[in-house]
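**Q** no sequence for this one, just the structure:
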DNA sequence: CAATCGCTTGGTAGCGCTGTCAATATCGGT
DNA sequence: ACCGATATTGACAGCGCTACCAAGCGATTG
């Protein structure tokens, strides 16, 4: 005998089948597709499984069926509130389903992403959720070759690998600037941190809006590769004021920067919005309850995660979503910090 | 033949072994314990694996070895910044190791936690990280029966299930109040939300400090079961002021509440700290850059996650940590919002 | 020089489940 | 009563890997 005898207390599918008086394969079917059983056997297997406290061995299942029930999720950051909301949506959608999540953090590196992707795909995931549309050419190739539903999240763009859900960062930033212009602001600064591809597209939206209004001026732009923080928002805003002391508004690529800018204004006794309008991005919870309340661009992060997971599940269950690319849009939340100029 | 023939392109351990000119079992050992091979074979297997792009099949490994290389992590919330930091620590510690993480969200329910725990343990995880010390009696029983390293995180207390890493929420809150008392504040309010066990212990710490100073007054306490938010901080603070208009300071069980209280002070044109001192808890990044800067109790969340994961790994590798219970402490960050009363 | 030891290596037999296909039961229609 | 179609069930083999045991081998020892 090659190994020690079977653990006596261990409950395997065979035990359940024997107690139910059916063959193991029938018991197996009960757990995967109960409708295929006759009502009588279904009830017998069910009660046998409950009586024995049977729990399927997922490793054995994965090995025999050559697939897993794991959905891989690749996100660039665990700290960022934005992804926390997306993740919550994903977990909520998968809660109670047979699928579980394998999470990995790319740290905003597409090379890391490629490495993690290969790692994931080698384990034959049931599906994949990946952030953004800027993968390496190799990553794309690998994903196109693989046979599982893939959803790109956080933004929409041309040529999805498979499915896609998000919104246009370009349009969202442009709309934020349009709002400021409509309120009468003219010298609108731009604050950007971490400059990942999506932030870059927000900058493009800003540039487009300002150029259309014939107000574009590179002096109005301050960016850095440093990860975002409230403190950084204050620092960058100070830099911006040094470069362009005559600005009357500032668009921040996220709400942390906006909050930092607000505090910096307070420190300088600049009235918001009278002397300085502020608009953020994402509309985190605190934006609506600061003093003054801060304008922002609301993005539907929870829904993005939730729908992405649901799109994967539906595809796996053969009900492929009618529309593979979903634009969740955004809305400009106009609050005190960008009220009309007096 | 029971199933279609082996996929031609598939690379299995056997292929690697053949190319390397060794037996499959020797190749297997290379991936699990390279030191057990002679230098020559080790190099041959290594280059064969690389040449073929071999990736082990984890399902087969788990089935054959009767264990997985998955560490289960049970946390109460995905949204809370505090857990985001802990998670980051865990992921960082496990990055590059053979272990992966299975995350589940208990939503602050110990019954959910028990359910998830059973689900996890049925899959024989390599280890387990679980939040807090308030598990159900059944959960405890189940965990004590299982043979894998378990780390309770976020707080320390008596009778660990296995290992434990955190700090005393009681002492931390007490220290925050001691600081306010030392600064001359006397009517110190308490703002609490979500009132989970750890927040409850912060309340106990507050009560102890106030009672010792003969300043305890139940009118000073405002709590709610509602999940925390900045907006809620403002609301609760307003409630507190209605109950006890003569307060001169407020201790908030987390930084979001503290920020909300600060904004509410601004709305009411109450000077901070002259008319109202504020102290938060956790010391999130923004506390140091608000205007005024906000005092808080710094907790070592990232380190907690990181060390917890490392404790699990070390135990798995036979180097059991000398000290199974680690108190990471805290520090009261004294900032403008609780400067000495003038 | 035989006995012993430690280190490496390999053979064998599953781990617990499911894909494939065949066999049987059931059923309505003619 | 017969036929084909459909619904249910089961037998078999094997998914890719590792636990267990045994054997080979050179070095060490009395």
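**A** Everything's here; your move. Quantities reported herein were computed from a predicted structural model and do not represent experimental measurements. Residues are numbered from 1 along each chain as shown, chains lettered A, B, ... in the order given.
**Q** who are the neighbours in contact with the residue most central in space within chain A?
**A** Taking CA atoms, centre = their mean, the centroid of chain A lies closest to residue A:86, which sits 4.1 Å from it. Contacts for residue A:86 (CB atoms under 8 Å, 6 or more residues apart in numbering or on different chains) come out as A:75, A:153-154, A:301-302, A:304-305, A:308. Using the backbone N, CA and C atoms, a C-beta is placed for each residue, glycine as well.
**Q** could you point out where the stretch 51-200 of chain A is predicted with low confidence?
**A** Nowhere does the stretch 51-200 of chain A drop to pLDDT under 70.
**Q** how about the residues of it that lie near chain B?
**A** A:55, A:57-60, A:62-63, A:68, A:78-79, A:81, A:84-85, A:87-88, A:91, A:95, A:100-103, A:105, A:118-119, A:122-123 (CB under 8 Å from any CB of the partner chain).
**Q** Which of the three states applies to residue A:341?
**A** coil (DSSP: H, G, I helix; E, B strand; the rest coil).
**Q** Hmm, it is touching residue A:183, no?
**A** Yes: counting by CB atoms under 8 Å, residue A:341 does reach residue A:183; the two are 6.2 Å apart.
**Q** Touching both of these two, which residues are there?
**A** With CB under 8 Å, 6+ apart as the test, residue A:341 and residue A:183 both reach residue A:277.
**Q** follow-up on the earlier one: tell me which element the residue nearest to the centre of chain A falls in.
**A** helix A:81-94 (DSSP states H and E).
**Q** what's the answer for residue A:236, then?
**A** helix A:230-243.
**Q** Remind me what that helix packs against, helices and strands.
**A** Counting contacts by 3 or more CB pairs under 8 Å, 6 or more residues apart in numbering or on different chains; DSSP states H and E, helix A:230-243 packs against strand A:188-193, strand A:221-224, strand A:249-252, helix A:255-267.
**Q** wait, does the last one contact chain B?
**A** To tie it back to what came earlier, the one meant is helix A:255-267. Yes: applying CB under 8 Å from any CB, one finds helix A:255-267 touching chain B at A:256, A:259-260, A:263-264, A:266-267.
**Q** buried sites along that helix?
**A** Of all the residues in helix A:255-267, those buried under the rule 16 or more other CB atoms under 10 Å in any protein chain shown are A:255-266.
**Q** circling back: how about the residues of helix A:255-267 next to chain B in TSV, adding distance to residue B:280 and pLDDT?
**A** Below are the residues of helix A:255-267 next to chain B laid out as TSV (distance: CB to CB, whole Å; pLDDT from 0 to 100):
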residue	distance to residue B:280	pLDDT
A:256	17	98
A:259	15	98
A:260	17	98
A:263	15	98
A:264	20	98
A:266	18	97
A:267	19	97
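**Q** per-residue pLDDT, residue A:35?
**A** Predicted confidence (pLDDT) at residue A:35: the value is 84.
**Q** for it, phi and psi?
**A** With angles defined as degrees, to the nearest 10, residue A:35 sits at phi -70, psi -20.
**Q** thinking again about what came up before, could you pick out which of the residues of the stretch 51-200 of chain A next to chain B are located in helices?
**A** Those of those mapping onto helices are A:58-60, A:62-63, A:81, A:84-85, A:87-88, A:91, A:118-119, A:122, per DSSP state H.
**Q** returning to what we had before: which ones among the contacts of residue A:86 come in contact with DNA strand D?
**A** Among the contacts of residue A:86, proximity to DNA strand D is found for none (CB under 7 Å from any atom of the strand).
**Q** ok, of these, which one's closest to DNA strand C?
**A** Nearest to DNA strand C among the contacts of residue A:86: residue A:308, at 25.1 Å, using CB to the nearest atom of the strand.
**Q** what angle do the helix or strand containing the closest one and helix A:81-94 make?
**A** Using DSSP H and E, residue A:308 sits within helix A:301-316. On the basis of axes from the mean of the first three to the mean of the last three CA atoms, to 10 degrees, helix A:301-316 is oriented at 40 degrees to helix A:81-94.
**Q** And DNA strand C, is helix A:301-316 touching that?
**A** No: with CB under 7 Å from any atom of the strand as the criterion, DNA strand C is not reached by helix A:301-316; the gap is at least 12.9 Å.
**Q** Tell me which other helices or strands that helix touches.
**A** Against helix A:301-316 (3+ CB pairs under 8 Å, 6+ apart) you get helix A:81-94, strand A:127-131, strand A:150-153, strand A:163-166.
**Q** what residues does that helix touch?
**A** A:71, A:82, A:85-94, A:97, A:99, A:126-129, A:149, A:151, A:153-154, A:163, A:165-166, A:282, A:320-321, A:326, A:328.
**Q** Could you tell me which of these count as buried?
**A** Using 16+ other CB under 10 Å, the buried members of the contacts of helix A:301-316 are A:71, A:82, A:85-94, A:99, A:126-129, A:149, A:151, A:153-154, A:163, A:165-166, A:282, A:321, A:326, A:328.
**Q** ok, back up a step: and after the helix holding residue A:308, which helix or strand comes next?
**A** strand A:325-327.
**Q** Can you tell me what sits against stretch A:257-270?
**A** By CB under 8 Å, 6+ apart, stretch A:257-270 touches A:191-193, A:228-238, A:241, A:250, A:252, A:271-272, A:275-276, A:278-281, A:286-287, A:290, A:294, A:296, A:337, B:286, B:289-291.
**Q** show me what contacts residue A:279?
**A** A:176, A:179-180, A:249-252, A:258, A:294-297, A:332, A:337-338.
**Q** of those, list those near DNA strand D.
**A** Of the contacts of residue A:279, not one also sits near DNA strand D (CB under 7 Å from any atom of the strand).
**Q** ok, of those, which one's closest to DNA strand D?
**A** Looking across the contacts of residue A:279 and measuring by CB to the nearest atom of the strand, the closest to DNA strand D is residue A:297, at 47.9 Å.
**Q** wait, is the closest one part of a helix?
**A** No: under three-state DSSP, residue A:297 sits outside any helix and is assigned strand.
**Q** Hmm, residue A:210 and residue A:174 touching each other?
**A** No: the pair residue A:174 / residue A:210 is not scored as a contact, 9.4 Å apart, by CB under 8 Å.
**Q** These two - which one has more neighbours?
**A** Remark: of residue A:174 and residue A:210, residue A:210 carries more neighbours, 23 against 20, as counted by other CB atoms under 10 Å in any protein chain shown.
**Q** The nearest residue to residue A:341 once chain neighbours are set aside: neighbouring residues, count only.
**A** Nearest non-adjacent residue to residue A:341, counting by CB to CB, 6 or more residues apart in numbering or on different chains: residue A:184, 4.0 Å away. Neighbourhood size, residue A:184 [other CB under 10 Å]: 13.
**Q** ok, which pair from the contacts of residue A:279 is furthest apart?
**A** Taking CB to CB as the measure, the contacts of residue A:279 span a maximum distance of 15.3 Å, between A:250 and A:332.
**Q** of the two, who's got more company?
**A** Taking neighbours as other CB under 10 Å, residue A:250 and residue A:332 compare with residue A:250 leading, 34 against 20.
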